[in-house]
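Visitor: coords please:
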Amino acid sequence: AGVAGGDADSDEDRYHPDFLDDPEMRASKHRTIIKQEGYIVSCVPYVRPENCKEELNELFLAKHGDWLTARELTLSKIRTLKARLVDVVRDLGLDFSTAALAHLYFERLILRNLVRKTSRKVTAAVCLLLAAKFNESTKDSLLAAMLHPG
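Guide: This is a model prediction of the structure:
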């Protein structure tokens with residue numbers, strides 16, 4: 001079942017923040033590592049951004065393809081949505097921990113295979129709304145005005 005499966009309280013279902021969006025998956029796989037006594041050098045050749053994005057999406061699918069049923073949900077789509085969540089939080093003047101909580105909710109739903117390409121934006125928006133409801137003080141805030149107009 002792996003990280004994505006199992007009961008809600010099982011050891012297999014524990015959330016790990018780097019499981020889905022691995023920070024090591026930032027550059028192309030075409031890098032050269034030179035190890036010498038006392039230092040390590042990593043040489044990364046220039047790769048066009050489109051090619052790098054494609055390679056990272058392929059690596060993501062290779063790593064998570066055994067359990068991820070929504071194969072059209074790529075790493076670049078997930079990262080774009082996470083960046084958009086941070087932008088919205090910044091624009092609304094909310095605490096950045098609200099964006100972190102929304103990321104957590106969104107990734108947990110992906111890990112349970114409940115997010116599809118067609119519903120990813122709405123799902124991320126709902127995650128942000130829930131995070132704001134739990135995490136933000138609604139007194140004298142733009143969020144309060146948006147949630148309770150009139």
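Visitor: Strands along this structure, start to end?
Guide: Applying DSSP state E to the chain gives strands spanning 32-36, 39-43.
Visitor: mind showing which ranges of the chain have poor pLDDT?
Guide: By pLDDT under 70, the weakly predicted segments of the chain are 1-13, 27-31, 138-150.
Visitor: Which positions within the longest helix along the chain qualify as buried?
Guide: Using DSSP state H, we find that the single longest helix of the chain is helix 75-92. For helix 75-92, a neighbour-count test (16 or more other Cβ atoms under 10 Å) marks 75, 77-78, 81-82, 85, 88-89 as buried. All C-beta atoms are positioned from the backbone trio N, CA, C, and that covers glycine.
Visitor: One more: stretch 103-118?
Guide: Under 16+ other Cβ under 10 Å, the buried positions of stretch 103-118 are 103, 105-111, 115.
Visitor: can you list those residues in CSV and add distance to Pro49?
Guide: CSV is the format used below for these (distance: Cβ to Cβ, whole Å):
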residue, distance to Pro49
His103, 23
Tyr105, 29
Phe106, 24
Glu107, 24
Arg108, 29
Leu109, 28
Ile110, 24
Leu111, 28
Val115, 25
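Visitor: so where do the helices sit in this structure?
Guide: 17-20, 49-64, 75-92, 96-111, 120-135, 142-147.
Visitor: So for Gly38, which of these sits nearest?
Guide: helix 17-20 (28.7 Å; Cβ to Cβ).
Visitor: Leaving out sequence neighbours, find the closest residue to Thr69.
Guide: Closest residue in space to Thr69, ignoring its immediate chain neighbours: Asn113 at 4.8 Å, by Cβ to Cβ, 6 or more residues apart in numbering.
Visitor: so the one you found sits right up against Leu73, yeah?
Guide: No: Asn113 is beyond contact range of Leu73, at 9.5 Å (criterion: Cβ atoms under 8 Å).
Visitor: closest to Thr32 out of the helices of the chain?
Guide: helix 49-64 (15.7 Å).
Visitor: Using CSV, write down the CA coordinates of the closest one.
Guide: Only the C-alpha atoms of helix 49-64 are listed here, as CSV (Å, rounded to 0.1, in the frame of the first residue of the first chain):
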residue,chain,number,x,y,z
PRO,A,49,13.3,24.9,-19.1
GLU,A,50,10.7,22.9,-21.1
ASN,A,51,13.0,19.9,-21.3
CYS,A,52,13.8,20.1,-17.6
LYS,A,53,10.1,20.3,-16.7
GLU,A,54,9.4,17.3,-18.9
GLU,A,55,12.3,15.3,-17.3
LEU,A,56,11.1,16.2,-13.8
ASN,A,57,7.6,15.1,-14.6
GLU,A,58,8.9,11.8,-16.0
LEU,A,59,11.0,11.3,-12.8
PHE,A,60,7.9,12.1,-10.7
LEU,A,61,5.8,9.5,-12.6
ALA,A,62,8.6,6.9,-12.3
LYS,A,63,8.8,7.5,-8.6
HIS,A,64,5.0,7.6,-7.9
